[in-house]
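Generate a structure from the sequence data that follows.
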Amino acid sequence: MAGPIRHPINQANLERYLEEHVPEIKTPLDIKQFGFGQSNPTYQLTSATGIRYVLRKKPPGKLLSKAAHKVEREYRVMRAIGEANAKGSSGVQVPVPKTYCLCEDDTVVGTPFYVMEFLDGRIFEDFSIPEVDAKTRTAMWTDAVRTLAKLHSIDPASIGLASFGKDTDFYTRQIKTWSTICEAQSAVRDVDSGALVGPLPHMEELVSYFADPERQPADRATLVHGDFKIDNLVFHKTEPRVIGILECTKKKSMRKVEKSAPINDARSWEMSTIGHPLSDLSNLLTAFTTAPATDSPLTTAKSSLSNPAFVPGKTPGLPTRGELIAMYASASASAAQGKGTGYDPRPGGEVSWGAAFNLFRLAAVCQGIAARHAVRQASSAKAAIHAAERGPLAELAWALIVDREKERKGNKARL
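Predicted structure coming up:
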């Protein structure tokens, strides 16, 4: 929840800007900062009339990566989807918060920022959603998967996002981007101790494996969120349906995040692009991927990331990983509505490849948090906790790869 401001913001300048550009937001403002959101400092604005809004801005100081902290990108995609929802031009309704303004003038509050609607609903930090009954839990996960399939069914060009990203070689570009980012992050030194952040475990092997085009999934191009997961969704206050895809700015009924999700970086739409739908689906299913199981390679890799609630059959009403993948394939076909056949990730072993790459990507995100923490730029109170997960995540990614290759060789031997 919102609390004391950790990153100062010029309230007088902000109020003058809003009075001129968004007069419906009445000043003076009451400003608090959310404790979540590692990438971009996030604030709750309460207007003079008691209406709440959310402001997200780039962090202060020299940025470690030009590929990160793109609040302008977050604003652009949410604005485009919101306008398409209003016009009905995309053929589906994808829930996003209303956006009010984007300010790219550094002189206002120090860095670019945007203001969006505050969605008053439920956000669950524990992905097993223990606060609800079994029937509701099933319905919530089902709607999360349907919402993702709807997002992936949008033609970017139809909502003005044709230039939002390249429509080929998504994973090839991803591995180049993340390997470059990881190299820069590993070279960062702590401002006090001088210690290097250092490389991820198995970094060279991971990059080599994922860069092999023979092992990559068949190329696809859809609008992807980049950080789609349960705690980046806002559910209706009383109904089991998603009312918003955004960055988690409000937490309720918390449990230890490391038991529920490998990383809670809350990057919102910042990493959205035109890419492969497998990337979002893999991210949504991370808790299932890391769940302890006797036949899983993850049992041999030590991790604090595994949540026993995700072991099949452990939590009433919680669908299995396989069931959710089947739900996605069905929802994707339905959302296509004559525009195509949708996407079924099950053939060709794409699911396991996507799961391993997703863990590597999350390890890189954690390494980024470690780098920002080292130079005291990290915007969340839990930065040090999440930074420590970079090693275990990379280890788990490599364990999945080893297991996948053993399975592939076994299948070939049986043919």
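
all contacts plus neighbour counts: C-alpha atoms, from now on.
Will do.

Quick one: residues contacting Glu323.
For Glu323, the contact set (CA atoms under 8 Å, 6 or more residues apart in numbering) is empty.

Can you classify it by secondary structure?
Of the three states, Glu323 takes helix according to DSSP: H, G, I helix; E, B strand; the rest coil.

Excluding sequence neighbours, find me the nearest residue to Leu119.
Pro97 (6.8 Å; CA to CA, 6 or more residues apart in numbering).

what's the answer for Pro217, then?
According to CA to CA, 6+ apart, the nearest residue to Pro217 is Glu350 (5.5 Å).

Look up how far Glu183 lies from the residue nearest the centre of the chain.
The chain has Asp227 as the residue nearest its centroid, 1.5 Å off, counting by CA atoms, centre = their mean. For Asp227, the distance to Glu183 equals 22 Å [CA to CA, to the nearest Å].

what about Leu206, neighbour count?
By other CA atoms under 10 Å, 21 other residues sit near Leu206.

Quick check, pLDDT for it.
pLDDT recorded at Leu206 is 98.

Isn't it up against Trp398?
Yes: judged on CA atoms under 8 Å, Leu206 makes contact with Trp398 at a distance of 6.8 Å.

pLDDT below threshold where in the stretch 101-250 of the chain?
Within the stretch 101-250 of the chain, the stretches with pLDDT under 70 are 247-250.

mind listing the strands for it?
113-117, 222-224, 233-235, 242-245 (DSSP state E, counting those that start in this stretch).

quick one, which of those strands is packed in tightest?
Stretch with highest mean neighbour count among those: strand 233-235 (a mean of 25; mean count of other CA atoms under 10 Å).

so how far is Pro277 from the residue nearest to the centre of the chain?
12 Å.

what does Leu45 give?
Distance, Leu45 to Pro277, using CA to CA: 34 Å.

Likewise for Ile243?
Distance from Ile243 to Pro277, by CA to CA: 21 Å.

And the one helix or strand Leu14 maps to, what's buried?
Per DSSP states H and E, Leu14 falls inside helix 11-21. By neighbour count on 16 or more other CA atoms under 10 Å, the buried set for helix 11-21 is Leu14, Glu15, Leu18.

Where do the helices of the protein begin and end?
Taking DSSP state H as the criterion, the chain carries its helices at 11-21, 71-87, 106-109, 134-153, 170-186, 203-211, 257-260, 277-284, 286-289, 321-336, 350-374, 383-387, 390-414.

So, low pLDDT: which residues of the stretch 251-400 of the chain?
The stretch 251-400 of the chain contains residues with pLDDT under 70 at 251-268, 293-305, 338, 379-381.

Near Ser128, how many other residues are there?
By other CA under 10 Å, neighbour count at Ser128 equals 25.

I misspoke; the intended subject was Lys87.
Neighbour number of Lys87 under other CA under 10 Å is 10.

Next up, the contacts around it.
Contacts of Lys87 (CA under 8 Å, 6+ apart): none.

try it again with 10 Å
For Lys87, the contact set (CA atoms under 10 Å, 6 or more residues apart in numbering) comprises Ile81.
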